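Novice: Quick one: sequence plus predicted model below, questions after.
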Amino acid sequence: MKCFFLAMIFPAVIFFSSCTGVPMSVFPGSSSIPADFAGIAHAGHTRTQTELNHLDYLGVRWVLRTYNWHIIEPYQGEWDFLEYDAHADTTTAAGIKIIGILAYENWWINEDRTTPRRITAEQLPYFLDYVRKTVEHFQGRVDAWRIWNEPNSRRFWAGTDEEFYELTRQTAEAIREIDSEVVILGGGFNRNVMGLREDFIRGLFESGAMEKVDAVAFHPYEINPVRSAILYNQFKEIVADYGFEDKIWVTEVGYPTGGRYPTQIRENRLPEYVVKTWVFLAASGTKNIIWYQLFDPPDRVNKNSEHFFGLTRSRRDFTSKGAEAFRLCSLYLSDSICYPIDPEQEGLPKSVKSFWFKKEDGGALVLWNDGLGSSQVHLRLPGTDHFLYDLVSGNSNSIPAELTVRAGREPVFITWQGHGALNDEGPVISK
């Protein structure tokens, strides 16, 4: 998954980023949120109807899974797709699309039988053979292939930059030779102890490796949703130089509720972080959001943050940590047009963030205060059947079309049916 940058961030910087928020000017005037916007990493592994029903309940339309080379070809020339076949068959039968990751090295390509997370020029033909066999085998069942994972991190790529550029270029060509329709994702970048490594990102594009790639994947892991949005937009500025500003897929994002990562948060704040991260990234124009991940493992280790990223506590009972908040976003924000609302035009403090999601049959409004304290906000809502939702339980209460709410740290999440007198009439927000 990830190799987090360590806490080299001064507390004052954290405080500043948390309180001032994201300037609304970074968001485009509107963003189209597709119907298949929501996904979860490493989901569907149990292949049980219970889990598939829960994914449907959460509005999940994508799952992400690594198609490990060493499992598929455990010995040279011996192919074993059984484990991945079962997952692909049950997942696609449930109407869920798959992003497959093509990675990593294999023990038998090295004389000393080590796995150094590197594919040399001499070893690349073996990797490409695995790519072709895998893409051909899963054609029509895997909807997108991502090339490698977080290559700008030494944890996942120990080779030279040039070796990775060539791996990406030839892998993309090999995929396209087999399947002319499947989506090809490059990058899979994150921020780590070495930062974004802008030189690496630019080098990948400038080498020509991305010429046959459809989109670039990014993992905006950060200490809070504000910084995640800022990081995403920094990345967006870089790839915009190569025409990819509107071709970004967030194939991992999340927050651990335990362990030692500097991004760890208290569990009771996960619903808030889910909604804010979802809204910020949707408003920024990402093509989808794949949350990391569905379950905490049953044998989790308290010091290991990798064991605390689940939206639910356990695969045994699906007890929600942030799953209900994720579901609200999936159901009411997907398949919409997102319009960020400038607070200054409404006479509100800059710290008030509000976003209108216009749907064909209604809409949603999400707002909160990124500053200290709270602000009173008067709302006049279009349409009918207005509901205010609790992010923890997902329960709703009927509300009037005109009301005053207090916008604090936790997002206010409101939906309605239909539109106003004009089809483009949205909510009216004032102090």
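Specialist: That came through, no problem. Remember, predicted model here, so these are calculated numbers, not experimental data.

Novice: now the helices: where do they sit in the stretch 101-250 of the chain?
Specialist: For the stretch 101-250 of the chain, helices defined by DSSP state H, counting those that start in this stretch occupy the ranges 124-137, 161-178, 198-206, 225-240.

Novice: nearest to Pro74, of those helices?
Specialist: Closest approach to Pro74 among the helices of the stretch 101-250 of the chain (C-beta to C-beta): helix 124-137, 11.2 Å. C-beta here means a position set from N, CA and C on the backbone, and glycine is covered the same way.

Novice: Where does the prediction get shaky in the stretch 51-200 of the chain?
Specialist: Scanning the stretch 51-200 of the chain with the threshold set as pLDDT under 70 gives no residue ranges.

Novice: ok, residues contacting stretch 109-126?
Specialist: Residues external to stretch 109-126 that are found in contact with it (C-beta atoms under 8 Å, 6 or more residues apart in numbering): 70, 76, 104-107, 127, 155-159, 163, 166-167, 170.

Novice: got TSV for the helices of the stretch 101-250 of the chain, with distance to Trp62 and mean neighbour count too?
Specialist: TSV is the format used below for those (distance: least, C-beta to C-beta, whole Å; neighbours: other C-beta atoms under 10 Å):
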stretch	distance to Trp62	mean neighbour count
helix 124-137	18	18
helix 161-178	18	19
helix 198-206	24	17
helix 225-240	18	21
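
Novice: Would you format the ones you listed as CSV with distance to Thr115 included?
Specialist: Converted to CSV, these look like this (distance: least, C-beta to C-beta, whole Å):
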stretch, distance to Thr115
helix 124-137, 13
helix 161-178, 15
helix 198-206, 22
helix 225-240, 29
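
Novice: Out of those helices, flag the one nearest Ala41.
Specialist: When those are ranked by proximity to Ala41, the top entry is helix 225-240, at 15.8 Å, counting by C-beta to C-beta.

Novice: Determine the set of other helices and strands touching that closest one.
Specialist: Contacting helix 225-240 under the criterion 3 or more C-beta pairs under 8 Å, 6 or more residues apart in numbering; DSSP states H and E are the following elements: helix 11-20, helix 198-206, strand 215-219, strand 248-253, helix 270-284.

Novice: redo that, cut-off 6 Å
Specialist: Contacts of helix 225-240 with other secondary structure elements, assessed using 3 or more C-beta pairs under 6 Å, 6 or more residues apart in numbering; DSSP states H and E, are made with helix 11-20, helix 270-284.

Novice: Off-centre distance for that helix?
Specialist: On the basis of C-alpha atoms, centre = their mean, to the nearest Å, the separation between the geometric centre of helix 225-240 and that of its chain is 13 Å.

Novice: picking that back up, ok, which of the helices of the stretch 101-250 of the chain comes nearest Asp80?
Specialist: Ranking the helices of the stretch 101-250 of the chain by distance to Asp80, with C-beta to C-beta as the measure, places helix 124-137 first at 10.7 Å.

Novice: between that closest one and helix 161-178, how big is the angle?
Specialist: Orientation note: helix 124-137 sits at an angle of 30 degrees relative to helix 161-178 (axes from the mean of the first three to the mean of the last three C-alpha atoms, to 10 degrees).

Novice: send the alpha carbons of helix 124-137 over as PDB?
Specialist: Coordinates of the C-alpha atoms in helix 124-137 are reproduced here as PDB (Å, rounded to 0.1, in the frame of the first residue of the first chain):
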ATOM      1  CA  LEU A 124      11.700  -7.100 -18.100                       C
ATOM      2  CA  PRO A 125      10.800  -9.700 -20.800                       C
ATOM      3  CA  TYR A 126       9.800 -12.200 -18.100                       C
ATOM      4  CA  PHE A 127       7.600  -9.500 -16.500                       C
ATOM      5  CA  LEU A 128       6.000  -8.700 -19.800                       C
ATOM      6  CA  ASP A 129       5.200 -12.400 -20.400                       C
ATOM      7  CA  TYR A 130       3.300 -12.300 -17.100                       C
ATOM      8  CA  VAL A 131       1.500  -9.100 -18.200                       C
ATOM      9  CA  ARG A 132       0.400 -10.600 -21.500                       C
ATOM     10  CA  LYS A 133      -0.800 -13.900 -20.000                       C
ATOM     11  CA  THR A 134      -2.700 -12.100 -17.200                       C
ATOM     12  CA  VAL A 135      -4.300  -9.500 -19.300                       C
ATOM     13  CA  GLU A 136      -5.400 -12.100 -21.900                       C
ATOM     14  CA  HIS A 137      -6.800 -14.400 -19.200                       C
END
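
Novice: Ile223 reaches Tyr261, doesn't it?
Specialist: No - look at Ile223 against Tyr261 with C-beta atoms under 6 Å: they stay out of range, at 9.3 Å.

Novice: quick check: domain ranges of the chain?
Specialist: With automatic domain parsing as the criterion, the domains of the chain are listed as 11-334, 338-430.

Novice: Start and end of the shortest one, how far apart?
Specialist: Start and end residues of domain 338-430 are separated by 19 Å (C-alpha to C-alpha, to the nearest Å).
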